[in-house]
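# Provided below for reference: sequence and predicted model.
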Amino acid sequence: MTSSNRRRVAWLLAAAGVLPPVAAGAQSLQPAGWDSGIRLAEAVDRNPDPDIVEVDFEAAVARVEIAPGVEVDAWTYNGTIPGPMIRVKVGDRLIVHFTNNLPRPSTIHWHGLRIPIDMDGVPGYSQDPVEPGDTFTYDFVVPDAGIYWYHPHVMSAAQVGFGLYGAFLVEDPSETETVGIADELVIVLSDIDLAEDGTLASPDTGGSVGMLFGREGNNVLVNGRRTPGLLARSGAPQRWRVINAAKSRYFMLDLGEGHAFRKIGGDGGLVEFSEDHEFLVLGAGERADVIVRPTGEPGSVRVLRSLLHDRGYGSTEFRDLEDLIEMTFADLPAHPVDTLPQTRREMEPYVLDGATEVSLELTVAQDPGDKSFSYGVNHVPFWQAQPVVARLGETQVWTVTNSTDWSHPLHLHGFFFMVLDEAGEPVRPLEWKDTVDIPHHRTVRLAVRFDERPGTWIFHCHVLDHAEGGLLSAVHLELPLEEFRNMLKH
Ligand code: C2O
Ligand code: CU
Ligand code: CU
């Protein structure tokens, strides 16, 4: 059936009161204004070309309200936290005119996007820092659909913690058919640390021990608010793209008994096939694309909570669950229960014969003199690191062993990878990842294929205190593999 025929049939069935399972959500099923308490502001495209999105971003301190009557002078993009959501179609060109009006240098890094190195936003590796009062233009073609995000890469624990981050949604228009759910939310999870007097807390509380643990903010935020509300129709499916933009915190989402998350996508677009999960765990930097179908009596409230997740020593004691979203059910008849879409994506597992083996150990050390701690990769912090060497087109298998007492969500810039199981085979459903949790005292293997974008690409723990405390290194990508092999022969 052609797609226009399929739409026509769907329309006829809908008109007859029979909804086919897949195209069921072409129209909103939610009450009017259902998401007005939570919807993100979007960046304004000032370019008339339908395939170019051109926006202005100004980083500056601005007063924001995180809960009724609770205001703080945060660090913002265009005056809001999160910053404006960027919405593009896959293949679009994005131009961002960035002005830094912060009291410190900054940059913008496009987390998860496979773009050229000079657009990656990392001082010392790919660009100079943008000094206060200066500007920089980011300009690139967006290669992959999925949910991504952006944030600075200068003093990132402090700057992200102060409010600098935003969602980056890359839409694939064909998903309107294949996923077919009109009611969508982009959910940015984060936290902010406020002092007693309500101002931003110092980003280095607790000195090197605070760094070792990874500081969390004392106010959990969902799209920049404490426990925002949502008005929902019982039984009607919603598609959520969830981003963990917190500087250290993990989230373990729970919608209550009988409420699964149907995961259809991860870091880098749709996964090989959808699968239901009772809980959804996101380490710092990770994303998920899920379908949920909350149910409840009209007027009752269902709460999306974050459960305690063990990310290592001291991370679960004396702590509470966090209420993230309060969903109130509208006074409407429940949406009839029909089946949620099952999605599929053609993906090939990497063939790993002949892949280069790389061993990485995530380590911690204490300075015998001043007793301060630092993290490292293979026992050296980033200021002494020797990059991993890779050739254009090379496939590598990384064996990452975490010898420390804390988990590390490890993030590689510029490339996707596949996580491998115990037997060394890619985990099914296949999923493109750019950030993966390496639990404390465990080993995770992953396979990465480097393409034709030479440069020095960093990888680091996305607990941003850990990255600044040493847990960061780089891949130096140069020369095509064939040329390199020929060179060795001579
Ligand atoms: Cu979110 Cu260096 O990255
Ligand atoms: Cu990144
Ligand atoms: Cu870490």
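Noted; the coordinates are in hand. Residues are numbered from 1 along each chain as shown. Ligands and ions are numbered 1, 2, ... in the order given.
# wait, what's in contact with the residue lying closest to Val364 once chain neighbours are set aside?
Leaving aside its chain neighbours, Val364 sits nearest to Thr404 (4.6 Å; criterion: CB to CB, 6 or more residues apart in numbering). Placement of C-beta: from N, CA and C, glycine included. Shown in contact with Thr404 (CB atoms under 8 Å, 6 or more residues apart in numbering): 312, 362-364, 375, 440-441.
# For the residue in the stretch 201-350 of the chain positioned nearest to ligand 2, give its distance to His97.
For the stretch 201-350 of the chain, the residue closest to ligand 2 is Gly285, as judged by CB to the ion, at 7.2 Å. According to CB to CB, to the nearest Å, Gly285 and His97 sit 26 Å apart.
# More neighbours: which of those two?
Neighbours were counted for Gly285 and for His97 using other CB atoms under 10 Å; Gly285 has more, 27 against 15.
# Distance-wise, check the more buried one relative to Val463.
Taking CB to CB, one finds Gly285 at 9 Å from Val463.
# where do the contact lists of these two overlap?
Taking CB under 8 Å, 6+ apart as the criterion, Gly285 and Val463 both touch Pro409.
# coming back round to it: make a PyMOL selection of the buried ones in the contacts of Thr404.
Selecting only the buried entries of the contacts of Thr404 in PyMOL, with 16 or more other CB atoms under 10 Å as the criterion:
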select buried, resi 312+362+363+364+375+440
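# out of the contacts of Thr404, which are inside strands?
Here DSSP state E is the test, and the contacts of Thr404 give 362-364, 375 as lying in strands.
# residue contacts, Thr76?
By CB under 8 Å, 6+ apart, the neighbours of Thr76 are 59-62, 64, 83, 163-164.
# try 7 Å
Contact analysis of Thr76 by CB atoms under 7 Å, 6 or more residues apart in numbering lists 60, 62, 64, 83, 163.
# which secondary structure element contains it?
Take DSSP states H and E as the rule and Thr76 turns out to sit in strand 70-77.
# quick one: buried residues of that strand?
With burial defined by 16+ other CB under 10 Å, the residues of strand 70-77 counted as buried are 72, 74-77.
# for stretch 189-207, same thing?
189-194, 200-201, 203.
# mind giving me a markdown table with these and columns for pLDDT?
Output for those, formatted as a markdown table (pLDDT from 0 to 100):
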| residue | pLDDT |
| --- | --- |
| Leu189 | 98 |
| Ser190 | 98 |
| Asp191 | 98 |
| Ile192 | 98 |
| Asp193 | 98 |
| Leu194 | 97 |
| Leu200 | 97 |
| Ala201 | 97 |
| Pro203 | 95 |
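# and those residues as CSV, adding secondary structure and distance to Val475?
As requested, the buried residues of stretch 189-207 are exported to CSV (DSSP: H, G, I helix; E, B strand; the rest coil; distance: CB to CB, whole Å):
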residue, secondary structure, distance to Val475
Leu189, strand, 28
Ser190, strand, 28
Asp191, strand, 30
Ile192, strand, 32
Asp193, coil, 32
Leu194, strand, 37
Leu200, strand, 34
Ala201, coil, 34
Pro203, coil, 28
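# chain center to stretch 400-411: distance?
18 Å (CA atoms, centre = their mean, to the nearest Å).
# Compute the first-to-last residue distance for that stretch.
12 Å (CA to CA, to the nearest Å).
# now stretch 451-471
25 Å.
# buried ones in that stretch?
Residues of stretch 451-471 classed as buried: 454-471 (neighbour count, 16+ other CB under 10 Å).
# ok, and of the residues you listed, which contact ligand 1?
Filtering those for neighbours of ligand 1 using CB under 6 Å from any ligand atom leaves 460, 462.
# Which of the buried residues of stretch 451-471 fall within strands?
Per DSSP E, those map to strands at 455-461.
# sec struct for Ala60, please.
Following DSSP: H, G, I helix; E, B strand; the rest coil, the label given to Ala60 is strand.
# List the contacts of the residue nearest to it when sequence neighbours are not counted.
Distances taken as CB to CB, 6+ apart put Asn101 closest to Ala60, at 4.0 Å, once the chain neighbours are dropped. Contacts for Asn101 (CB under 7 Å, 6+ apart) come out as 58-60, 132.
# of those, closest to ligand 2?
Ala59 (17.6 Å).
# Could you pull up the residues touching Val389?
With CB under 7 Å, 6+ apart, Val389 has these contacts: His476.
# what's the helix or strand for it?
Going by DSSP H and E, Val389 is part of strand 388-392.
# List the buried residues of that strand.
Going by 16+ other CB under 10 Å, strand 388-392 has these buried residues: 388, 390-392.
# chain center to that strand, what's the gap?
On CA atoms, centre = their mean, the centre of strand 388-392 falls 25 Å from the chain's centre.
# one step back: can you put the buried residues of stretch 189-207 in TSV and add distance to ligand 2?
Putting the buried residues of stretch 189-207 into TSV (distance: CB to the ion, whole Å) gives the following:
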residue	distance to ligand 2
Leu189	17
Ser190	16
Asp191	19
Ile192	21
Asp193	22
Leu194	27
Leu200	24
Ala201	25
Pro203	20
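# quick check: domain ranges of the chain?
Domain ranges of the chain: 3-171, 185-329, 356-487, per automatic domain parsing.
# So what's the model's average confidence on the shortest one?
Predicted confidence along domain 356-487 averages 95 (mean pLDDT).
# Could you list the contact residues of the protein toward ligand 1?
Residues of the chain lying near ligand 1 (CB under 6 Å from any ligand atom): 109, 111, 151, 153, 285, 411, 413, 460, 462.
# list the contacts for the last one?
Residues near His462 by CB under 7 Å, 6+ apart: 283-285, 409, 411, 435.
# Also Gln127?
By CB under 7 Å, 6+ apart, the contact list for Gln127 reads 107, 118, 121.
# Around the second one, how many other residues sit close by?
Put plainly, it is Asp118. 12.
# State the pLDDT value of the closest residue to it other than its chain neighbours.
Distances taken as CB to CB, 6+ apart place Ser126 nearest to Asp118, at 5.8 Å, with adjacent residues excluded. Predicted confidence (pLDDT) for Ser126: 92.
# can you pull out the strands in the stretch 251-400 of the chain?
Remark: strands assigned in the stretch 251-400 of the chain by DSSP state E, counting those that start in this stretch are 251-254, 261-266, 269-277, 280-282, 287-292, 301-306, 322-329, 356-366, 373-377, 388-392, 395-402.
# which SS state does Leu430 fall under?
Once three-state DSSP is applied, Leu430 turns out coil.
# Doesn't Leu144 belong to a helix?
Quick fix: residue 144 reads Asp, not Leu. No: read with three-state DSSP, Asp144 is coil and lies in no helix.
# Wait, it touches Gly266, no?
No: between Asp144 and Gly266 there is no contact under CB atoms under 7 Å: 11.8 Å.
# of those two, who's got more company?
Gly266 (26 against 18).
# what's the burial count for the closest residue to that one other than its chain neighbours?
Nearest residue to Gly266, sequence neighbours excluded (CB to CB, 6+ apart): Glu431, at 4.3 Å. If you count neighbours by other CB under 10 Å, Glu431 ends up with 24.
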